[in-house]
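**Student:** The sequence isn't on hand, but the structure is:
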Ligand SMILES: NC(=O)C1=CN([C@@H]2O[C@H](COP(=O)(O)OP(=O)(O)OC[C@H]3O[C@@H](n4cnc5c(N)ncnc54)[C@H](O)[C@@H]3O)[C@@H](O)[C@H]2O)C=CC1
Ligand SMILES: O=C(O)C1=N[C@H](C(=O)O)C[C@H](O)C1
């Protein structure tokens, strides 16, 4: 196993988790400025870096037949297609990209998509530490996309909203028709709320990661599974058979 972004908040936690796992060997730690080379001979690389670097790192690994587990956010359809094309040239290689490896966050996305068609209104609030460089979070974007897909499939119209005047940003970002609000606050780690409402009732789904160890069981599940899943998998839910 090799970790790219090994000096970062997530990368260092992944190094600790791999070192504590009896069935995994940490053979390489890479961070900004390091030559990836043959990734120290690793069979699997884990990438927790930055949106601008992750595609290049994934392509570097795939071209060498190294499986990759990616937690870095900022993936567009176009970038995912670039990975698919690279994998076509390396049919035995697997890449798993997941916006969130915390089991509860994966379940929250699933539950939100289940509930979305039953409510008139739905909005997403994500809350993170203030050192996070992207907003809204990859998890919130994915949650909103899954909600929007479910509502489209069920023919649910856009949520009611009489706002006629507002300050820029007051109603959040529009992700596929779902308002997404981002909070940055010292003391937080990674949190998400999905608010669903109809006349006379609301349903709130909330997930809290209080510590980055919360992502490690999911990362290790991904590391152990990725070699058996050639091609591109987007979302840990597929590995968990959800
Ligand atoms: N999927 C998930 O479960 C989670 C995803 N994330 C995402 O993971 C990413 C990293 O988050 P953090 O660890 O908090 O950030 P961080 O800023 O603490 O760590 C990023 C690390 O990547 C390094 N880096 C930057 N460019 C690089 C390059 N070209 N090659 C190698 N290393 C490079 C930096 O020097 C730094 O050490 C973010 O996109 C974040 O949103 C964070 C937590 C959970
Ligand atoms: O940067 C973070 O911290 C996190 N990033 C991911 C995201 O953008 O969804 C996952 C989690 O929310 C923590």
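**Tutor:** Now that the structure is in, tell me what you want to look at. Values in this document were obtained by computation on a predicted structure and should not be read as measured data. Ligands and ions are numbered 1, 2, ... in the order given.

**Student:** Pull the contacting residues for the residue nearest the centre of the chain.
**Tutor:** Nearest to the geometric centre of the chain sits residue 99, at 0.2 Å (Cα atoms, centre = their mean). For residue 99, the contact set (Cβ atoms under 8 Å, 6 or more residues apart in numbering) comprises 71, 73, 75, 137-139, 141-142, 235. (Each C-beta comes from the backbone N, C-alpha and C, glycine too.)

**Student:** Run through the residues of the protein sitting next to ligand 2.
**Tutor:** Contact residues (Cβ under 6 Å from any ligand atom) of the chain with ligand 2: 73, 99-100, 128, 132, 137-139, 190.

**Student:** rewinding a little: JSON lines please, covering the contacts of residue 99 and showing neighbour count and secondary structure.
**Tutor:** Putting the contacts of residue 99 into JSON lines (neighbours: other Cβ atoms under 10 Å; DSSP: H, G, I helix; E, B strand; the rest coil) gives the following:
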{"residue": "71", "neighbour count": "25", "secondary structure": "coil"}
{"residue": "73", "neighbour count": "23", "secondary structure": "coil"}
{"residue": "75", "neighbour count": "20", "secondary structure": "coil"}
{"residue": "137", "neighbour count": "23", "secondary structure": "coil"}
{"residue": "138", "neighbour count": "19", "secondary structure": "helix"}
{"residue": "139", "neighbour count": "25", "secondary structure": "helix"}
{"residue": "141", "neighbour count": "23", "secondary structure": "helix"}
{"residue": "142", "neighbour count": "21", "secondary structure": "helix"}
{"residue": "235", "neighbour count": "18", "secondary structure": "coil"}
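
**Student:** of all those, which comes closest to residue 181?
**Tutor:** Closest approach between these and residue 181, by Cβ to Cβ: residue 137, at 10.9 Å.

**Student:** Ramachandran angles for that closest one?
**Tutor:** Dihedral angles of residue 137 (phi, psi; degrees, to the nearest 10) stand at phi -60, psi 160.

**Student:** Residue 178 too?
**Tutor:** Dihedral pair for residue 178: phi -110, psi 120, per degrees, to the nearest 10.

**Student:** okay, now it: neighbour count?
**Tutor:** Per other Cβ atoms under 10 Å, the neighbour tally for residue 178 reads 26.

**Student:** Does it touch residue 119 like I think?
**Tutor:** No. With contact defined as Cβ atoms under 8 Å, residue 178 does not count as touching residue 119 (11.6 Å).

**Student:** what about stretch 92-99, near ligand 1?
**Tutor:** Yes. Stretch 92-99 is in contact with ligand 1 by Cβ under 6 Å from any ligand atom, via 98-99.
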